[in-house]
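# Fold the following.
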Amino acid sequence: MIKYLGSKRTLLPWILETIEECAQGEKLHVLDLFSGTSRVGHALKAAGHRVTANDWNTYAATLARCYVQSDVTRAAEAEALLLELASLPGRSGYFTETFCERARFFQPRNGARVDAIRDQIAAWDCDPELESILLTSLMEAADRVDSTTGVQMAYLKDWAPRARGELELRMPQLLSQPAVGPCRAMQAEAREAAAMIEADLVYLDPPYNQHKYEGNYHVWETLVRWDAPEHYGVARKRVDVRERRSGFNSKPGIAAALTEVVDALRARWALVSFSDEGFLSREELELILARRGNVHVLERPHKRYVGAKIGIHNPAGEKVGTASHASNREYLFVVDLSSS
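Modelled structure (predicted):
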């Protein structure tokens, strides 16, 4: 899966163990309201739970459609098309000009291959599930040859060693449909999804500080939408990054935004993943959640995202500082919504 700020890769066993304690041996319907790379949803599907994954960013909804909604029965046709795509010669277009020549996220030869492959995917006009598998493969292939610290706010001044590699399409790991029912991917605002979907457990891993995912991963948003947007700045961000606002990325707004989502939940359990680097303190978050039921808090130390080790870079990719600390505390808030 792609490199991702706030990835739950290392916390995944802890999250799954906590969910299994709530499940008490049953297979649940889990609503993942902020699915991101779908790492958690994919693991829950592998464990036999029925998952509804939601995210309002198009690239994230595409990843969810691949890893959560699509089943292994789609693998054979996807593999055949990936072989065709892998044989295409590069052809420079919007992606190469924007992200390889006017910026330095990728080597131009790899950008030209992205252009050619993405154009062909668009020309095939596949059904949404099949297209999501192809796009996920392309996104992940590009991620393996990028020249960033893992976010697309900037690119490195000097090429990362991996950027000199060749773009390689790989088949995403698709899973069988759980016995308890089909999984689903959605693209809705979190409060709308919370009010719309009734589940056994809702997993919430919301944005909780100033880092906006649509800005951190704007290249993937453009790669998936393929809409050649106007852009701005050294990083060539989409102009709609400026226009889109979320209360979760605002210190004055996050409490109200999260309260609205929590109030809308329709489930037996809620599990909230948060960090001591968020705009809300542990005590503030407990107060919001306690309005809906009894809250149990788990915590543990955690190494920060890899960017903390690499250092702080300006938009030109030049290192301008080091992170203040290398670890933080991660929390899991378990809320018994039936106790309210």
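# burial measure for F333, as a count.
Using other Cβ atoms under 10 Å, F333 is surrounded by 21 other residues. C-beta here means a position set from N, CA and C on the backbone, and glycine is covered the same way.
# pLDDT score for it?
The score at F333 is 98. That number is its pLDDT.
# for it, helix, strand, or coil?
strand (DSSP: H, G, I helix; E, B strand; the rest coil).
# For A112, give its distance to N54.
With distances taken as Cβ to Cβ, to the nearest Å, A112 is found 34 Å from N54.
# Check which helix or strand R113 maps to.
For R113, the host element (DSSP states H and E) is helix 108-124.
# The very next helix or strand once past that helix - contacts with which helices or strands?
Sequence order places helix 128-143 as the next helix or strand after helix 108-124, per DSSP H and E. Here helix 128-143 touches helix 58-64, helix 75-86, helix 108-124, helix 218-225, going by 3 or more Cβ pairs under 8 Å, 6 or more residues apart in numbering; DSSP states H and E.
# quick one: strands adjacent to the next helix or strand after helix 128-143?
Sequence-wise, the next helix or strand downstream of helix 128-143 (DSSP H and E) is strand 184-186. With DSSP bridges as the test, strand 184-186 is paired with strand 50-54 (parallel).
# Now the residue nearest to L16 when sequence neighbours are not counted: which helix or strand?
Among residues not flanking L16 along the chain, A43 sits closest, at 6.0 Å (Cβ to Cβ, 6 or more residues apart in numbering). Per DSSP H and E, A43 falls inside helix 39-46.
# Which residues does that helix contact?
1, 4, 7-9, 12, 15-16, 19, 30, 32, 35, 51, 53, 64, 67-68, 173, 175, 178, 183, 203, 205 (Cβ atoms under 8 Å, 6 or more residues apart in numbering).
# Which members of the residues you listed are classed as buried?
1, 4, 7-8, 15-16, 19, 30, 32, 35, 51, 53, 64, 67-68, 175, 178, 183, 203, 205 (16 or more other Cβ atoms under 10 Å).
# So what touches the strand or helix carrying N328?
Assigned by DSSP H and E, N328 belongs to strand 327-336. Outside strand 327-336, the residues that touch it by Cβ under 8 Å, 6+ apart are 11, 14-15, 18, 22, 268-277, 282, 285-286, 289, 292-304.
# Render the CA-only coordinates of that strand in PDB, please.
Backbone C-alpha positions of strand 327-336 (Å, rounded to 0.1, in the frame of the first residue of the first chain) are rendered in PDB as follows:
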ATOM      1  CA  SER A 327       7.700   9.400  19.300                       C
ATOM      2  CA  ASN A 328       4.200  10.200  20.500                       C
ATOM      3  CA  ARG A 329       1.400   8.500  22.300                       C
ATOM      4  CA  GLU A 330      -1.400   6.700  20.400                       C
ATOM      5  CA  TYR A 331      -4.900   6.200  21.900                       C
ATOM      6  CA  LEU A 332      -7.800   3.900  21.300                       C
ATOM      7  CA  PHE A 333     -11.100   5.000  22.700                       C
ATOM      8  CA  VAL A 334     -13.600   2.200  23.000                       C
ATOM      9  CA  VAL A 335     -17.200   3.500  23.400                       C
ATOM     10  CA  ASP A 336     -20.100   1.300  24.400                       C
END
